[in-house]
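*Asks:* 3D model of this:
(one chain, ligands or ions: 1)
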Amino acid sequence: MSRELAARARMLRQSEIRAMTIRATENGGVNLSQGLCELPTPAAVKAAACRAIEQDCNTYAPLNGKPDLRAGIAARIRKFNGIEADPATEITLTSGATGAYTCALMSLLEAGERVLTFEPFYGYHVNLVRVLGFEPVFSRLRQPGWEVDYDALERMLADGVRVLVLNTPSNPCGKVFSREELEKISELCVAHDAWMITDEIYEYITFDGHEHVSPASLPGMFERTVTISGFSKALAMTGWRLGWASGPAEVIEKMALISDLLYICAPHPLQEGVSRALDELGDGYFTALAPMYDAKRGQLADALSAKGFRPLPQQGTYFMLADYRDLYGDIGSLAAMERLFEECRIASVPAASFFSGGHDESWLRLCFAVREENLQRAVELLGE
Ligand SMILES: Cc1ncc(COP(=O)(O)O)c(C=O)c1O
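*Replies:* The predicted model follows:
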């Protein structure tokens, strides 16, 4: 039977993350594995979306998204990211940041071309590259401090890598790329005429004074960068599937056409809901996200440390990496994930999920974008 399936389908497996989520749900555990973000969507957004549904906002949306929502996004990224994008031609709405990423890869690359991703990576960034018939190549961020290996980057770009994927703040390691780092990486992209796709979905969640910098805001970078983000994390609506991309008009136009072919449009009434509520939320909503997550980060880090884990320093996102060696020894991250689940019924993700070529590290990733009662329960289970 498997001989009849395409190679791209045969290589796909359910990720440990989804498998862990299912186990945690079935066994009454606490799921800190998948980046679900189970916090409530802001009431103003829910109410506006309900009104849009009641008012029969039922048809397909324009293929690049509703104009008023594109205008709202243009205003946000002008203010927060320092990106000047024309909402008519340089922004498109997609089915989540994932839809934007897919359309960007399909718009920029020929079959078999190479895409560079930093390791540890977010699995979708690599698996989508593979499924679409491109080739992922990797540059590992070096500990301590997740430093960039510029020589390796330069070598790979000189060797013909066409697209560099950068995720800041980064899932899973929480790195927020500094302005200096981004300037150096940008210089390399310009020198070797490479594109950059930046995934900035955690842009509002940075800690300890780390500033989010959008590569497209740096001189000479807008014209070679596709900036991707979305509402999944900022508005706690991972299941609504609303994301966007901004970039040069010729790429954005093609991305909109590809997204039209793949799924026609992002959900229309939900676009309407977010669009109507964005003004009402205002800047205050977005600036309150980081302190809210910082409090959760502190609770989880304290509980993990008390148990004997060593949380790694983390500059942004709502994920934490915790070193398990003091507690479990050098048992490998998959075994450590099993052990934590058996002992505490807490679902996590093993480091091995974030590297290519079977590489492993001695840490687990835990997500703290959970409701207060679930975080409390996790803290209790860790303390038992
Ligand atoms: C780095 C990163 N990008 C994108 C996504 C998914 O975003 P969306 O729900 O907008 O497709 C995630 C979700 O975990 C993520 O961690």
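*Asks:* does residue 339 touch residue 333 like I think?
*Replies:* No. Between residue 339 and residue 333 there is no contact under CB atoms under 8 Å: 10.3 Å. Where C-beta positions appear, they are placed from N, C-alpha and C, glycine not excepted.
*Asks:* identify the contacts common to these two.
*Replies:* residue 324 (CB atoms under 8 Å, 6 or more residues apart in numbering).
*Asks:* neighbour count winner among the two?
*Replies:* residue 333 (24 against 15; other CB atoms under 10 Å).
*Asks:* so what's that one closest to, chain neighbours aside?
*Replies:* residue 350 (3.5 Å; CB to CB, 6 or more residues apart in numbering).
*Asks:* around that neighbour, how many other residues sit close by?
*Replies:* Using other CB under 10 Å, residue 350 has 25 neighbouring residues.
*Asks:* so it sits right up against residue 341, yeah?
*Replies:* No. Between residue 350 and residue 341 there is no contact under CB under 8 Å: 10.8 Å.
*Asks:* okay, the residue in the stretch 51-200 of the chain positioned nearest to the ligand: pLDDT?
*Replies:* Nearest to the ligand in the stretch 51-200 of the chain, going by CB to the nearest ligand atom, is residue 96, at a distance of 2.6 Å. On the pLDDT scale, residue 96 is placed at 98.
*Asks:* I'd guessed it sits against residue 242; true?
*Replies:* Yes. Assessed by CB under 8 Å, residue 96 is found in contact with residue 242 at 6.7 Å.
*Asks:* which of the two has more neighbours?
*Replies:* residue 242 (25 against 22).
*Asks:* find the nearest non-adjacent residue to the more buried one, please.
*Replies:* That would be residue 231: by CB to CB, 6+ apart, it lies 4.6 Å from residue 242.
*Asks:* the one you found: how many residues sit nearby?
*Replies:* Residues lying near residue 231 (other CB under 10 Å) number 26.
*Asks:* residues of whichever strand or helix holds residue 253 that come out buried?
*Replies:* Per DSSP states H and E: residue 253 is located in helix 249-263. By neighbour count with 16 or more other CB atoms under 10 Å, helix 249-263 contains the buried residues 251, 252, 254, 255, 256, 257, 258, 259, 260.
*Asks:* which residues do residue 96 and residue 242 both contact?
*Replies:* Common neighbours of residue 96 and residue 242 (CB under 8 Å, 6+ apart) are 230, 232, 266.
*Asks:* go back to the residues you listed and keep what's next to the ligand.
*Replies:* 230, 232 (CB under 6 Å from any ligand atom).
*Asks:* pLDDT and neighbour count added to the shared contacts of residue 96 and residue 242, as CSV?
*Replies:* Compiled in CSV, those are given as follows (pLDDT from 0 to 100; neighbours: other CB atoms under 10 Å):
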residue, pLDDT, neighbour count
230, 97, 29
232, 95, 21
266, 96, 27
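*Asks:* from the shared contacts of residue 96 and residue 242, which is closest to residue 346?
*Replies:* residue 232 (23.2 Å; CB to CB).
*Asks:* can you name the residues that contact that closest one?
*Replies:* Contacts of residue 232 (CB under 8 Å, 6+ apart): 37, 96, 97, 201, 238, 240, 241, 242, 243.
*Asks:* from those, which is closest to residue 384?
*Replies:* residue 37 (26.2 Å).
*Asks:* so the closest one is in which element?
*Replies:* Residue 37 belongs to no helix or strand, assigned by DSSP H and E.
*Asks:* for it, grab the count of nearby residues.
*Replies:* Using other CB under 10 Å, residue 37 has 18 neighbouring residues.
*Asks:* got the contact list for it?
*Replies:* Per CB under 8 Å, 6+ apart, neighbours of residue 37: 232, 233, 236, 238, 318, 369.
*Asks:* now stretch 356-372: buried residues?
*Replies:* In stretch 356-372, counting by 16+ other CB under 10 Å, buried: 360, 361, 362, 363, 364, 365, 366, 367, 368, 369, 370.
*Asks:* distance of residue 34 relative to residue 269?
*Replies:* Spatial separation of residue 34 from residue 269 under the definition CB to CB, to the nearest Å is 26 Å.
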